[in-house]
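Trainee: Return a 3D structure for these sequence lines:
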Amino acid sequence: MDEQALSGIFKHTAARLNKMPKDGLLNNRRVIAVEGTGVRMPDTPENQRVWPQWSSQKPGCGFPTARICACFSLESGALLSYAMGNKKNHELLMFREQ
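Mentor: Here you go, the predicted model:
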């Protein structure tokens, strides 16, 4: 499954969750948990262009890295939104975009 199809499924699921009734739990407040992390990917030329490795690494000795920031519903644990960036993107800035 490609990234565009997964993104479509995510958007549909998040929209459905936002339409669910919100009563009773957590004093009727919407509580969102935010998490940021980094991931490594296969060392391909395409990945190196989008997510370059650190300049301190010798060519061929490192892997492309990406940063991910995601927001989750504390009530259901469902993913509400996410942003991806390269090594130059800080999780706080990606959170603000969401």
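Trainee: And the nearest residue to residue 70 once chain neighbours are set aside, how far from residue 67?
Mentor: Distance criterion C-beta to C-beta, 6 or more residues apart in numbering; nearest residue to residue 70, sequence neighbours excluded, is residue 82 at 4.2 Å. In this view, the C-beta of every residue, glycine as well, is placed from N, C-alpha and C. Residue 82 sits 11 Å away from residue 67, taking C-beta to C-beta, to the nearest Å as the criterion.
Trainee: Mind telling me what element residue 13 is part of?
Mentor: helix 3-19 (DSSP states H and E).
Trainee: Distance across stretch 39-46, terminal residue to terminal residue?
Mentor: 16 Å (C-alpha to C-alpha, to the nearest Å).
Trainee: correction: stretch 47-55
Mentor: Counting by C-alpha to C-alpha, you get 15 Å between the two ends of stretch 47-55.
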